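>>> with the input below, show me the fold.
(chains A, B, C and D)
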Amino acid sequence: MTKIGYYPGCSLLGTAREYDESLRAILPRMGVELVDVPDWNCCGASSAHMLNHELSLSLPARILSSAENKGITDMLVPCAACYNRFVMTIHELNEDSKLRARVADITGLDYRGTIHPLNILEFLEKRTDAVKAATALPFERNVACYYGCLLVRPPTVMKFDRSEDPRTMDDLMSAVGANPVDWAFKVECCGAGLSITSPALVGKLSGRIIENAVKSGAEAIIVACPLCHANLDMRRSAINKAAGKKYTVPVLYITQAVGLAMGLKEKELGLHRHLVKVRFPADRGAAQAPTHAQPAADSEPAQTEEA
Amino acid sequence: MSRIGVFICHCGENINGTVDCAKVAEAASRVPGVSHSVDYKYMCSDPGQSMIKEAIKEKKLTGVVVGACSPRMHEPTFRRACAEAGLNPYLCEMANLREHCSWVHEKSEATTRKAVDLIKSMIEKVKLNQPLQPIKVPVTRAALVLGGGIAGIQASLDIANAGHQVIMVEREPSIGGHMSQLSETFPTLDCSQCILTPRMVEVAQHPNITLHTYSELESLEGFIGNFKAKIRNKARCVDEKLCTGCGMCAQKCPTKKISSEFNAGLGMRSAIYVPFPQAVPNKPVIDKDHCTFFQKGKCKVCEKVCPTKAIRYDQEDRIIDVEVGAVVLATGFDVLGTDFFPEYGYGRYKDVINGLQFERLASASGPTLGVIKRPSDGKVPETVVFVACAGSRDPAKGIEYCSKICCMYTAKHAMLYKHKVHEGSAYVFYMDIRAGGKMYDEFVRRAIEEDDVKYVRGRVSRIYEEDGKLVVKGADTLLGHEPLEIRADLVVLATAGVASSGAEELAQKLHVSYDSHHFFAEAHPKLRPVETNTAGIFLAGACQSPRDIPETVSQASGAASKVAGLFSQEELTREPLVAVVNRTAPPLYSTCTGCGLCMPACPYQAIEMEEIRTRDGTVVKVAAKVNPGLCQGCGTCVALCRVKAIDLQGYTNEQIYAELMAL
Amino acid sequence: MLAKMRQKAKDLLSSGVVSTVIGYGEGSGNRVRALFIRKPDDADKLILDERCVQNLAVYLTKREVRALGRPAVVARVPVMRTIQQLMFEKQVAEGEVAVIGISPDSQVLDFPDLKSMAEYVSAIPFELSADEKAAVEKLEKMTAGERWNFWLDVLSGCSKCYACRQSCPLCYCERCTVECNQPQWVSVPSHGLGNLEWHIMRAMHLAGRCVNCGDCFRACPLEIPLNLLTQKIITDIADKFGGADEYALNAFKPDDKEDFIR
Amino acid sequence: MSEFEPKIIAFVCNWCTYAGADLTGTSRIKYASNVRIVRLPCTGRIDFMLLMKAFSRGADGVIVSGCHPNDCHYTSGNFHARRRWIVFKSLLDFMGIDVRRIHFAWVSAAEGAKWAEVVNSVVNDVRALGPYDGYKNLAPIAADWRIQDAG
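Residues are numbered from 1 along each chain as shown, chains lettered A, B, ... in the order given. Presented below is the predicted three-dimensional model:
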């Protein structure tokens, strides 16, 4: 077992519990054990960076420093929003030694720069071989890999993948047997930033993402961010209302899709928590006969679809 | 003992008005080593100069100080006068009593005292001046022109017509460059090939021009007037003397599905091919990477069908040595491919093309014979979107500069499309329209007003395919940032002009500087735009930065006239104000330690390492050596040298020190 | 560790790979001195302990040492850095010197060539120790007047014996500029001016080259902390130019930052 | 002499600042006469020891000036000079030398007025600082005995 630092952040303990559950479910198969960052706090995403610059850096800096003190060098951060805050903070602290000193003063902890946050895609990509080896039921579905904005922007700071046309998730999904479709909305805005202030607009923006995914033949949308998931899954009724259509395409965290390919049960992966039922078209023609068990198709959904 | 003559000029009242010139001359006369000191109304006048000449002869002066105006004004005058009187001109110095003293201070004792200080300081410097001889460099009157596009063609013809030999090197099988690919040219819409091909033929037939196509520069050594170049003639596998250019080989070649470079990937060519019908020379080459015989060992169809038996499969690259006195760099530019733009589909949409590809679509000699058909299905597009500044002026893309030609050619493209497809709609997304140039803005206005091209001021954020159309997402910033989506059949990206592939390696071979985008750097952006920092190497055209045809041609002629000027003399005379590395008696041979740290600091790559040998050839030391042909005399190496082994003639450490210590 | 080093010296000598091994030996009065081993049997005289800090690379550029034939040198990290710098300055070429490397934890290192030694030593960060940093910062925090008096005071005893220069492996110039009298760059007497000029020139000549071995300070009979000057320059170069250049003073960036040129 | 008049020595490059100072002259802009200009081809040529020698010769202030970045006649001499000045100035400051007496400037051939302003401000500043006795007192006898005033 390799040990790796883990920062779940608030989402993975709340609205995105299934992300945490599915991650914890697949890790043993890859020989990885999580070490929680001790006494962690809010990363400051969503509000701090709009209000107070120093606070927005001090919050993540405190987490980074505590992790460093615990001896953590690689820290897995599944939430893309948290991940974005960590990378931004490291960038700013490295650029400006005065700022770094001020932040150290605030947190009372020295940030040494020995820690390296990993987003879920980076983490899995490094273990592609283990994921492949653990694949029992290839996930033979057309999938639209949706990256959202937080993992790739701003590109000069995030330095992750090709910012306008990332490939990491597509390659991972190919590795577990899926067929990633070529589509146009991989990094398009889902409207998450306007979730509260302008929900109607979110319905429209997220709706276009779903529309293009469906038009491109996707049977599932794969995400790596709780905010993406919330907008594409939780807001489905608003989306359908705005579009005047009923989209049923399910939205899965990459950890859930990988878990299915590993043959894990849908409860273990938290699939029952989704608002949009995780259900795939039954027939795909003789040539593409499904070898994949359809875990969600015969299970009772935890919640009923609103639309 | 020095015998210095001091000559104080009144410059009418210009100096004498605030400085007591007689007093200055008197004070100078009391400085040890001064044997003659006078003041006079106008030193630069004939009588004034005669005074200096006579004093040099009569008093056998060993140095002259003229206290007058700025040396930037009259130093050549007084040095010439000294030379005429038999005194080495570099033994004459000027003290700037006018611009730096009388004109900038009030009449006072302090001003006179300053003038005395300046004179004394120069006296001490002159005492240490050494007679210097101008550097003579022989000039080989032949020019090497690298690149056979319109820049290289123009430069070659101008130099050749001035009566000098030209060696032209082009890496493609034919000369002509990008201009030969263009359909029509702005702002006149005359056919590009019609105006270019006569010039190409002229190059081929000119008695003073030696043409090496399908060739590249291997190396260049030497310095201004004395370059030695090696040129690699790549094997064409065709005996050019026997080949008549009949074209039978290309016609019968069984491998025909190779993407044509000339047609920017929109057409096909065979493995043995002439890039285009008007190619110069009209002799084919075998593309070994695609030729069945070279790949599989079998075929030889071209050999069988060649009526003159000109095919030579065993031909090898040849290296040719040439000696030239000057080099003109005219290696042109490239345009980015559509695969540079992830947000525009990373090159995977066939109907998203770049400007050069559109030129081929619009060209009567192109793959569609001038009919605008989209590449995917050959349909005539009903809606075409042109995206200006694709990559250019976009720091996020790493290209901050304006590619300069796109505004004009985009207007031309839209216009050509509208002329050919009357009922079609053309949109242009732009940031600004830059149409400075004779008849340029009028041309753009014509596209907008007469040809109804819809100009939208805004940038395109994404292009994707949906339902067989290309969805172009943008914004109209003049209409309140309204998001805009156009469903187009064809999108033309005016992709950024970038440095030609291999420009960086070439610059390093030639020791010319280049910018962060690998465009070659001019010696001075305003006053020396066609020269490089390496004396004897000149620039023409888009290898310096993207530019249009008229600008390229005028710059090529500029470079050619620089070359002709250089070739107007048998010998090049240069001021001897250059750095030298000292040589001392054994066992030191030179105080230079050979550390070589000065070499990268030299802006002209003038410093090399030299082995110092005894008479029997034993190497006793490796020390730096300055090439006087390349050194421009900045002295950066001098200040850097810890042991003071390098010194700058005319501004030696001793001279400056003495000058300073007299102040 | 000691045995391994002696064995290595023995092997190098007996195989004829080198003709001299420059290492450390016992001197008089519990002092260590540089030892030139010419015979394999003498290799057992080599010692290695915490007293062995002299930068032996200083001998590599000396004519007398060169005349002995190809040397091997016992090299801790600063010495390896020096050799790397001497290579960069074309004073030592690949094949001319063998290195018996000593790692920071006193392990004997084998290097097939100088290139691999340079790679090894490049991977170790080049920075001042915390104490050294603190000493530089302490001085920086003083007022200019206090600094002036500090240097005036510590330099007042300097008699320009040039032990600092002789001990420095990078002061290899055959004719030092201080000995140049046309022009007289540095005032001859060892009064305030002469001493100040000498130490400014010495520091500037080492700017971007000094490996901070500390031998100048150790050699100084008056214990003048003159390595503070070079240490200050080392921090400046790292802070202001990023420290990526092989030699900071013959390179530049068009956007080098300063705040004093008007 | 009632008021202290500082002695200022200026090291300037030939192509920008020397020409700029010429322009000050042709524009007849007046400035303090305390300055003495030493002309060098390029700021890259300015040896740091020259600055020290200026002080040892009794200068109370020194001006170093050349072409603005990117304007160097030799393209990069001023860039090399700037690096050297950054290190050198910091070292002098570290040694307690009064760096307020050393003024670095970029003055182009077009900035005749700026040259006058630079000289005047340095003369004023140094006049306020007073004579550089700290440096002058370093040597018990005049540092230079080779060149005697003939006047």
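
>>> which residues in chain D form strands?
Along chain D, the stretches classed as strands by DSSP state E are D:8-13, D:35-40, D:61-66, D:102-106.

>>> between those strands, which gets nearest to A:Gly177?
Proximity to A:Gly177 (Cβ to Cβ) singles out strand D:102-106 among the strands of chain D, at 64.6 Å. Yep, even glycine has a C-beta here, placed from its N, CA and C like the rest.

>>> can you confirm B:Gln357 is in a strand?
No: per DSSP: H, G, I helix; E, B strand; the rest coil, B:Gln357 lies outside any strand segment and is helix.

>>> leaving out chain neighbours, which residue sits closest to it?
Counting by Cβ to Cβ, 6 or more residues apart in numbering or on different chains, B:Gln357 lies nearest to B:Ala264, which is 4.4 Å off, once chain neighbours are set aside.

>>> how about residue 97, phi and psi?
In the absence of a named chain, chain A is used. For A:Ser97, the backbone dihedrals (degrees, to the nearest 10) come out as phi -70, psi -30.

>>> actually, chain D is the one I wanted.
Dihedral angles (degrees, to the nearest 10) for D:Ile97: phi -70, psi 140.

>>> contacting residues for it?
Counting by Cβ atoms under 8 Å, 6 or more residues apart in numbering or on different chains, D:Ile97 touches C:Ala144, C:Trp148, D:Tyr135.

>>> B:Pro275: which of those residues is nearest?
Checking these one by one against B:Pro275 (Cβ to Cβ), the nearest turns out to be C:Ala144, at 70.9 Å.

>>> nearest to chain C within chain B, name that residue for me.
Closest residue of chain B to chain C, Cβ to the nearest Cβ: B:Tyr657 (3.5 Å).

>>> what's the nearest residue to that residue if we skip its chain neighbours?
In this structure, B:Tyr657 finds its nearest non-sequential neighbour in C:Pro183, 3.5 Å apart by Cβ to Cβ, 6+ apart.

>>> same check on C:Leu249?
C:Gly208 (4.8 Å).

>>> surely the one you found meets C:Tyr247?
Yes: with contacts counted by Cβ atoms under 8 Å, C:Gly208 reaches C:Tyr247, the gap being 5.1 Å.

>>> neighbour count winner among the two?
Taking neighbours as other Cβ atoms under 10 Å in any protein chain shown, C:Gly208 and C:Tyr247 compare with C:Gly208 leading, 23 against 19.

>>> and the more buried one, helix, strand or coil?
coil.

>>> picking that back up, now do the SS call for the residue of chain B closest to chain C.
helix.

>>> ok, now which ones touch the residue nearest to B:Tyr657?
B:Asn653, B:Glu654, B:Tyr657, B:Ala658.

>>> quick check: mean pLDDT across stretch B:397-406?
Averaging pLDDT along stretch B:397-406 gives 94.

>>> equivalent analysis for stretch B:479-487, please.
88.

>>> and for the residue of chain C found nearest chain A, the neighbour number?
At 8.6 Å from chain A, C:Asp239 is the closest residue in chain C, using Cβ to the nearest Cβ. Using other Cβ under 10 Å, the number of residues around C:Asp239 comes to 12.

>>> quick one: contacts of whatever helix or strand it lives in?
Under the criterion of DSSP states H and E, C:Asp239 resides in helix C:227-241. Contact with helix C:227-241 is made by C:126-128, C:132-133, C:135-136, C:139-140, C:199, C:202-203, C:206-208, C:210, C:212, C:214, C:216-217, C:243, C:248, C:251, C:253, C:256-258, D:83, D:86-87, D:90-91, D:94-95, as judged by Cβ under 8 Å, 6+ apart.

>>> tell me the contacts of residue 30?
Here I'm looking at chain A. A:Met30 neighbours (Cβ under 8 Å, 6+ apart): A:Arg127, A:Ala130, A:Val131, A:Ala134.

>>> please refer instead to chain D.
B:Val104, B:His105, B:Glu106, D:Ala116.

>>> try 6 Å this time
Contact criterion Cβ atoms under 6 Å, 6 or more residues apart in numbering or on different chains gives B:Val104 as the residues in contact with D:Lys30.

>>> likewise for the one 5 residues further on?
Neighbouring residues of D:Val35 by Cβ under 6 Å, 6+ apart: D:Ile8, D:Ala10, D:Val119.

>>> go through these and say which is closest to B:Ser545.
D:Ala10 (37.0 Å).

>>> for the closest one, give the beta-bridge partners.
Beta-bridge pairing of D:Ala10 under DSSP bridges involves D:Ile37, D:Ile63.

>>> so which residues on chain C come close to chain B?
C:Glu89, C:Lys90, C:Cys173, C:Glu174, C:Arg175, C:Thr177, C:Gln182, C:Pro183, C:His205, C:Tyr247, C:Asn250 (Cβ under 6 Å from any Cβ of the partner chain).

>>> who wins for most neighbours among those?
Neighbour max across these (other Cβ under 10 Å) = C:His205, 23 neighbours.

>>> give me the element it is part of.
helix C:192-206.

>>> ok, and what's touching the very next helix or strand once past that helix?
For helix C:192-206, the following helix or strand on the C-terminal side (DSSP H and E) is helix C:215-219. For helix C:215-219, contacts defined as Cβ under 6 Å, 6+ apart pick out C:Asn55, C:Ala163, C:Cys164, C:Ser167, C:Cys168, C:Leu226, C:Asn227.

>>> wait, which of the contacts of A:Met30 is closest to chain C?
A:Arg127 (27.4 Å).

>>> neighbours of that closest one, how many?
Applying other Cβ under 10 Å, I find that A:Arg127 has 18 neighbouring residues.

>>> gap between it and chain D?
46 Å (Cβ to the nearest Cβ, to the nearest Å).

>>> quick one, what contacts that residue?
Shown in contact with A:Arg127 (Cβ under 6 Å, 6+ apart): A:Met30.

>>> that one and A:Met169, how far apart?
Counting by Cβ to Cβ, to the nearest Å, the separation of A:Arg127 from A:Met169 is 14 Å.

>>> what does chain B have sitting close to chain A?
So far as Cβ under 6 Å from any Cβ goes, chain B lies against chain A at B:Pro342, B:Glu343, B:Tyr346, B:Tyr464.

>>> let's go with 8 Å and repeat that
B:Phe341, B:Pro342, B:Glu343, B:Tyr346, B:Arg348, B:Ala396, B:Arg462, B:Tyr464, B:Glu465, B:Glu466, B:Asp467, B:Val471 (Cβ under 8 Å from any Cβ of the partner chain).

>>> just those that are near chain C?
Restricting the residues of chain B next to chain A to those touching chain C (Cβ under 8 Å from any Cβ) yields no residues.

>>> list only buried entries from those residues.
Among the residues of chain B next to chain A, those classed as buried by 16 or more other Cβ atoms under 10 Å in any protein chain shown are B:Phe341, B:Pro342, B:Glu343, B:Tyr346, B:Arg462, B:Tyr464, B:Glu465, B:Val471.

>>> so the fourth one touches A:Arg167, yeah?
What it means is B:Tyr346. No: the pair B:Tyr346 and A:Arg167 does not pass the contact test of Cβ under 8 Å, sitting 10.2 Å apart.

>>> hmm, back to that, and the two most separated of the residues of chain B next to chain A?
B:Ala396 and B:Asp467 (30.1 Å).

>>> okay, now B:Ser376: neighbour count?
Neighbourhood size, B:Ser376 [other Cβ under 10 Å]: 15.
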